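**Q** Okay, here's the prediction I keep looking at, along with the sequence it came from:
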Amino acid sequence: MENFSYSRPATLKEATAQLGKEHGKIAIMAGGTDIYGGEMKDNLLAPERLVHIKHLKELQGIRQGTGSLRIGASTLLSDIVESPVVQKQAPLLAMAAGKIGTLQIRNMGTLGGNLCQRPRCWYYRNNYPCYKHGGNACFSAIGENDQHAILLGGPSFIVHPSDSAPALVALGASARIVSGTGERTVPLDKFFVTPRENVRRENVLLPNEILAEIDVPNAPAGSKAIYVKEMVREVWDFALCSVAAMVTLKDGVVQDARIVLGGVAPVPYRAVKAEAALKGKTLDEASATAAGLAAVDGARPLSKNAYKIPLTQAVVKRALLSLA
């Protein structure tokens, strides 16, 4: 790890004033489980200055708004899991947050950090000169790719590692982003970017911006939701495939459905064809099977990850049948 300066600004305004115009020169740290515990220690990132923001009151806490929850980006994952308000108004988020890492990680990690973490691809994490490191190749394309993308892949085949992201996209959440010159709000399904949009980055944050808050609409009345995650290890791991599913039923018939996949694409992948296969149908074995098939329509597996297609189909089906 190279030498760096450390800053602990007193306010969010002061923090944004310390940011630069280029990614990597100045880094933001909240819980530090990825940027400090991973990227900097492994020499993936060598910022000149580390700006600590976890302590900022403007970025903390869970607040009830009119028809929504407003969750500060520095709110601990464990606080989200244990919050009675989140469990009542956005139970899908509480379930997904409870699948992140271990209790120790959730006690340190923040919601914003989980959404903004860098890829877990072993080529990136082992400092290969890939696209994510400024190179001009994706080594997983013809290498070890059993945990990589089957949807929206190319030129990089990373998968987005967040568990909270699929749940928040399914809930229709939005991100409040703050800079020294103002702020903007971005729907969370537009917050993440594919490698085709920007092969170097995974989200729309500019170098001088901070993710400040997530606005989470209350789950629709009568809706039921579940988060299912398949991993290599049952103790804790990143998803081979995950499904955030939320359906609204009336007399057993699906009125609305949200299905978002994790672990299979470079961004949280909203399976709109699977949603369409469910609407107006009775939620049963046949419709759940059809939704599972539709969820992976257009999948393009690599040499070692074709197993993700039947796995995703099965996980979508299992998740939906649990809500019937």
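**A** Thanks, I have it. Note that the structure is a prediction, hence the values are computed from the model and not measured. Numbers count the residues shown, from 1 in each chain.

**Q** any idea how far the closest residue to Asp42 other than its chain neighbours lies from His148?
**A** If the residues on either side of it in the chain are set aside, Asp42 comes closest to Arg125, at 6.6 Å by CB to CB, 6 or more residues apart in numbering. C-beta coordinates here come from the backbone N, C-alpha and C atoms, glycine included. Separation of Arg125 from His148 (CB to CB, to the nearest Å): 13 Å.

**Q** more crowded one of these two?
**A** Using other CB atoms under 10 Å, the more surrounded residue of Arg125 and His148 is His148, with 29 against 15.

**Q** Can I get stretch 293-300 as CSV, trimmed to CA atoms?
**A** The C-alpha trace of stretch 293-300 is given here as CSV (Å, rounded to 0.1, in the frame of the first residue of the first chain):
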residue,chain,number,x,y,z
LEU,A,293,-37.5,-19.5,-18.9
ALA,A,294,-38.2,-15.9,-19.9
ALA,A,295,-35.8,-14.5,-17.3
VAL,A,296,-32.8,-15.9,-19.2
ASP,A,297,-34.1,-15.2,-22.7
GLY,A,298,-31.1,-13.8,-24.7
ALA,A,299,-28.5,-15.2,-22.3
ARG,A,300,-25.1,-15.7,-23.9
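
**Q** Only the buried residues of it, if you could.
**A** Leu293, Ala294, Ala295, Val296, Ala299 (16 or more other CB atoms under 10 Å).

**Q** now stretch 44-57
**A** Using 16+ other CB under 10 Å as the test for burial, stretch 44-57 gives Leu44, Leu45, Pro47, Leu50, Val51, His52, Ile53, Lys54, Leu56.

**Q** and it, what's its mean pLDDT?
**A** Stretch 44-57 shows a mean pLDDT of 94.

**Q** likewise stretch 238-245?
**A** Mean predicted lDDT for stretch 238-245 stands at 98.

**Q** what's the spacing between it and its chain's center?
**A** How far stretch 238-245 lies from its chain's middle: 10 Å, per CA atoms, centre = their mean, to the nearest Å.

**Q** cool, stretch 54-74 as well?
**A** Worked out by CA atoms, centre = their mean, stretch 54-74 lies 18 Å from the chain centre.

**Q** contacting residues around it?
**A** The contact list for stretch 54-74 (CB atoms under 8 Å, 6 or more residues apart in numbering) reads 8-9, 11-12, 15, 29-32, 53, 75, 79-80, 83, 85-86, 89-90, 110-113, 115, 210-218.

**Q** out of those residues, which are inside strands?
**A** Met29, Ile210, Leu211, Ala212, Glu213, Ile214, Asp215, Val216, Pro217 (DSSP state E).

**Q** so what's the fifth one up against?
**A** Listed by CB under 8 Å, 6+ apart, the contact partners of Glu213 are Leu59, Arg70, Ile71, Gly72, Ala73, Ala175, Arg176.
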